[in-house]
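Participant: Below are the sequence and a predicted model for it; my questions follow.
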Amino acid sequence: MYVAVKGGERAIDNAHGWLAEERRGDRAVPELTIPQIREQMKLAVNRVMAEGSLYDPDLAALAIKQARGDLIEAVFLIRAYRTTLPRLAGSRPVDTAAMAVDRRISATFKDLPGGQVLGPTFDYTHRLLDFALMAEGEPPTPVPSPQGGGEAPGAEAEGGTGLDAPPSPLVGEGWGGGAPHMPHVTGFLNRDGLIEAAQPSDATPPDLTREPMELPADRALRLQALARGDEGFVLGLAYSTQRGYGRTHAFVGELRIGRVAVEVDIPELGFAVEIGEIELTECETVNQFKGSKTEPPQFTRGYGLVMGQSERKAIAMSLVDRALRWQELGEDFTGAPAQDAEFVLMHCDNIQATGFLEHIKLPHYVDFQAELELVRRLRAEAQTMQEAAE
């Protein structure tokens, strides 16, 4: 608190009042509602949920409104609230292969079981301002109906991959069909032994929301830190690996966005009960690997999983995840920032970074006066020595 600022608590109360006035803005303009933010600023809501480690769109929308659109401040509010919640149970690992997809693409295989589902994406839009959006009260643009027919996903086509998969109904290119089971693309490579096998673990991973970060960190802990890390920081690190700061050349094996069921084991019942569903973005990258002293030449994996629709974050996370795996794969450490686990994990958290950064604007009068006196004394000593030398 600014207790040393002139005016004390009264000044702080006035600052709070002014903040509330600025948050509201021009009262001639209708106030934003929580449902409006939740439904029309969904990507911002998703980011706050992911970095705040709490899946609740309404609370994330409230935090965005309270923070005046400052997403890091909103993440701070969500994390602070999260610490007040009791943990009633632990859920089972979600099955992303059973995801009801809204978007699912692969940059490695053109034809794959389930098809390429473009979904809602900016990828194919022109980056031009749409001034029609400024016209309030206009009816939404009608969406064309999906066109059925066409070649079944997985069927052999010109330039296809020849994946021997049974035909399945095609809902329509670019449309999510909510297929009950869409196998992961990397499974086709794994079937031929061309990619490292996924190593399942029954061990309970550490919980970064309840335990402080400890190094060295295993992959489960690293993935937790990246999932709730700052999107911009993780993106910058991922970009650095693509520019050569880390020996990775990645392909997006699969990117999928959709909803998965969350199940909790009920001891009294002896079986799991579905308590709801959450939206997730999952990315698996396929990376070149020439082999090492301990591993044969094969493709390797990078992995990203983020709450909500956050594909840029999921892709970036998977690139950084792969860069951090250099040691377990027997690769050389090149000194790239994305390979340095201590650098990545201790600096990716935007709340920690914000706290340490912004604390310097708090009163440091005593510290500064001490340094001011030190500089004056050093200058006086230097002046005396210069005069003596002359």
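Facilitator: Structure received.
Participant: low-confidence ranges in this structure?
Facilitator: 1-7, 137-181, 291-294 (pLDDT under 70).
Participant: Select the longest helix from it.
Facilitator: Longest helix in the chain, counting residues (DSSP state H): helix 365-389.
Participant: Not counting stretch 29-38 itself, show me its contacts.
Facilitator: 24, 44-45, 57-58, 60-62, 64-65 (Cβ atoms under 8 Å, 6 or more residues apart in numbering). Any C-beta I mention is one placed from the backbone N, CA and C, and that applies to glycine too.
Participant: send the alpha carbons of it over as CSV?
Facilitator: The C-alpha coordinates for stretch 29-38 follow below in CSV (Å, rounded to 0.1, in the frame of the first residue of the first chain):
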residue,chain,number,x,y,z
VAL,A,29,-22.4,4.5,-23.1
PRO,A,30,-24.1,1.3,-21.9
GLU,A,31,-22.2,-0.6,-19.4
LEU,A,32,-20.5,-3.9,-20.5
THR,A,33,-22.2,-7.0,-19.0
ILE,A,34,-20.5,-10.1,-17.9
PRO,A,35,-22.4,-12.2,-20.5
GLN,A,36,-21.3,-9.8,-23.2
ILE,A,37,-17.6,-10.2,-22.2
ARG,A,38,-18.0,-14.0,-21.8
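Participant: mind listing what's buried in it?
Facilitator: For stretch 29-38, the neighbour count (16 or more other Cβ atoms under 10 Å) marks 32, 37-38 as buried.
Participant: Am I right that residue 277 is in a strand?
Facilitator: Yes: with DSSP: H, G, I helix; E, B strand; the rest coil as the criterion, residue 277 is part of a strand.
Participant: what about the helices in the stretch 51-200 of the chain?
Facilitator: Remark: helices assigned in the stretch 51-200 of the chain by DSSP state H, counting those that start in this stretch are 57-66, 71-82, 186-191.
Participant: Rebuild these as JSON lines, extending it with mean neighbour count and distance to residue 28.
Facilitator: Shown next, in JSON lines, are the helices of the stretch 51-200 of the chain (neighbours: other Cβ atoms under 10 Å; distance: least, Cβ to Cβ, whole Å):
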{"stretch": "helix 57-66", "mean neighbour count": "22", "distance to residue 28": "18"}
{"stretch": "helix 71-82", "mean neighbour count": "19", "distance to residue 28": "26"}
{"stretch": "helix 186-191", "mean neighbour count": "17", "distance to residue 28": "55"}
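Participant: Find the residue at the geometric middle of the protein.
Facilitator: residue 313 (4.0 Å; Cα atoms, centre = their mean).
Participant: which residues does that residue contact?
Facilitator: Residues in contact with residue 313, defined by Cβ under 8 Å, 6+ apart, are 47, 50, 231, 234-235, 281, 304, 306.
Participant: which one of those has the most neighbours?
Facilitator: residue 306 (29 neighbours; other Cβ atoms under 10 Å).
Participant: partners of it in the sheet?
Facilitator: Judged by DSSP bridges, the bridge partners of residue 306 are residue 281.
Participant: Quick check, it in contact with residue 315.
Facilitator: No: between residue 306 and residue 315 there is no contact under Cβ atoms under 8 Å: 9.7 Å.
Participant: Looks like residue 295 contacts residue 329 (just checking).
Facilitator: Yes: between residue 295 and residue 329 there is a contact at 5.9 Å, judged by Cβ under 8 Å.
Participant: shared neighbours of those two, anything?
Facilitator: In contact with both residue 295 and residue 329: residue 289, using Cβ under 8 Å, 6+ apart.
Participant: Just the helices from the stretch 251-390 of the chain, written as ranges.
Facilitator: Per DSSP H, counting those that start in this stretch, the stretch 251-390 of the chain carries helices over the ranges 311-324, 341-347, 350-358, 365-389.
Participant: Quick one: the ones you listed as CSV, columns for distance to residue 195 too.
Facilitator: Shown next, in CSV, are these (distance: least, Cβ to Cβ, whole Å):
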stretch, distance to residue 195
helix 311-324, 12
helix 341-347, 23
helix 350-358, 33
helix 365-389, 55
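Participant: Check those helices for me and report the most buried one.
Facilitator: helix 311-324 (a mean of 26; mean count of other Cβ atoms under 10 Å).
Participant: Off-centre distance for it?
Facilitator: Between the centre of helix 311-324 and the centre of its chain there are 9 Å (Cα atoms, centre = their mean, to the nearest Å).
Participant: Verify the stated contact: residue 324 with residue 337.
Facilitator: No: using Cβ under 8 Å, residue 324 makes no contact with residue 337, being 10.8 Å away.
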